[in-house]
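In: Got a sequence here, can you model it:
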Amino acid sequence: MTSKFRIYFIRPVRGLIVYGVVVSFMVVGKLLPRQLVLWWHGWLATCFYSLSKHTRTIVRKNLETAFGEETVAGSYQEIGRRAHVGFAKAFTDYALMSHLKTRRQFERYFTIEGEEFLKAAYEQGRGVLCLVPHTPGLEFSAIMPPIMGYRTMGVSSRIHNPALNRMMVGLREKRGMANIERNHCFHTLVERLKKGECLIIMIDQDNVHIRGEFLSFFGKRAYTPIGCARLALATGAPVLPMFTIRHEESDRYTFRILPEIPFERKETDLETFRHNTQNYNDALERIIREYPDQWVWGHLRWKTTPEYMRQYIIAKRIGEGHYSSSS
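Out: So this is what the prediction gives:
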């Protein structure tokens, strides 16, 4: 009874409250000076980071895993603080700029670099795989190609809050980005890529629910999705890294597109997937090394281990009835 009450009453009510708070912020925030709202949310992010020992511990461990004894700009805790402030301000801007739809409107706040690489790849007609890291401006990275005039789609998992899910999908679609739900979408993505569309794709997060391989990321094995390489092999679509950097001193952004990462065939498909996905990991690592305070260090990137993955697969097969009770 308690479980049903939580599912059918508490969760929907909580979801409506969260949705109401978000919508209220989007309305009220636009009535206030942007700089004031950004300062306020940056201060809140600093307070949260300073008070959350758990978050600081995760950030420190991830940075130690990535950089070890290397010299980086700023202490690990300062990098973590700046990253949290950057994410808070970027998501604030995403809400404040929800009414913007055209390239000319966005160029008031954005500088675009490297469009010649995207244009050349797009004109090949085989689609473009837009490899995007989780920088503070990741939502902007997803909508910038369609804002610039390139037909674009993105894959996303459904948010548990239905109202928030509709709002997020709506914000993407009003900027021209088609939203594709993640479940069993590979063939849909192949078809649309072959029609020349761009696909926003991210591989720098740990997710056991997605097919992947253990590859090097900052010198340590990390479970990495191989979907980008699979799509590149199936369609011939070029892979271009692109990312959004936030400039704290000016509260502006740079959307930067890098040259295509050459695709290399190996003896087997699996070797091809592993080799090229490693190249994609290396490209993302170079971006993060250049901007260490603009990546999501609070994410457990190295959480999944080969042993954990084996146990997960066995448990999943048992749950699906692939093993008898005596096995």
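In: how about the strands in the stretch 51-200 of the chain?
Out: With strands called from DSSP state E, counting those that start in this stretch, the stretch 51-200 of the chain shows them at 110-113, 128-131, 152-156, 177-181, 198-201.
In: out of these, which comes closest to residue 144?
Out: Residue 144 lies closest, by Cβ to Cβ, to one member of the strands of the stretch 51-200 of the chain: strand 110-113, at 7.4 Å. The way it works is simple: take the backbone N, C-alpha and C, and place the C-beta from them, glycine included.
In: Quick one: the strands of the stretch 51-200 of the chain as TSV, columns for mean pLDDT too.
Out: Below are these laid out as TSV (pLDDT from 0 to 100):
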stretch	mean pLDDT
strand 110-113	98
strand 128-131	98
strand 152-156	91
strand 177-181	89
strand 198-201	97
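In: nearest to residue 225, of those strands?
Out: Comparison of the strands of the stretch 51-200 of the chain against residue 225 by Cβ to Cβ identifies strand 198-201 as nearest, at 8.5 Å.
In: Buried residues of the helix or strand that contains residue 243, list them for me.
Out: If you go by DSSP states H and E, residue 243 is part of strand 239-247. Buried residues in strand 239-247, counting neighbours by 16 or more other Cβ atoms under 10 Å, are found at 239, 240, 241, 242, 243, 244, 245, 246.
In: same check, this time on stretch 50-60
Out: Neighbour-count burial for stretch 50-60, counted by 16+ other Cβ under 10 Å, picks out 55, 56, 58, 59, 60.
In: same question, stretch 275-286
Out: So for stretch 275-286, counting by 16+ other Cβ under 10 Å, buried means 276, 277, 278, 279, 280, 281, 283, 284, 285.
In: packing partners for the strand holding residue 243?
Out: Strand 239-247 is packed against helix 76-96, helix 115-122, strand 128-131, helix 138-147, strand 252-257, helix 269-290, with contacts defined by 3 or more Cβ pairs under 8 Å, 6 or more residues apart in numbering; DSSP states H and E.
In: Out of the ones you listed, which is the most enclosed?
Out: Stretch with highest mean neighbour count among those: strand 128-131 (a mean of 28; mean count of other Cβ atoms under 10 Å).
In: List the contacts of that one.
Out: With Cβ atoms under 8 Å, 6 or more residues apart in numbering as the test, strand 128-131 has contacts from 118, 121-122, 141, 145, 150, 152, 193, 197-203, 228, 231-232, 237-242, 261, 280, 283-284.
In: where does residue 299 sit relative to residue 138, distance-wise?
Out: Separation of residue 299 from residue 138 (Cβ to Cβ, to the nearest Å): 12 Å.
In: and what of residue 191?
Out: 26 Å.
In: Could you do residue 75 as well?
Out: Separation of residue 75 from residue 138 (Cβ to Cβ): 25 Å.
In: centroid residue for this structure?
Out: In the chain, the residue lying closest to the centroid (Cα atoms, centre = their mean) is residue 134, at 4.2 Å.
In: check contacts around that one.
Out: The contact partners of residue 134, taken as Cβ under 8 Å, 6+ apart, are 202, 204, 205, 295, 296, 299.
In: of those residues, buried ones?
Out: Among the contacts of residue 134, those classed as buried by 16+ other Cβ under 10 Å are 202, 204, 205, 295, 296.
In: Tabulate those residues (TSV), appending pLDDT.
Out: Putting those into TSV (pLDDT from 0 to 100) gives the following:
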residue	pLDDT
202	96
204	96
205	94
295	97
296	96
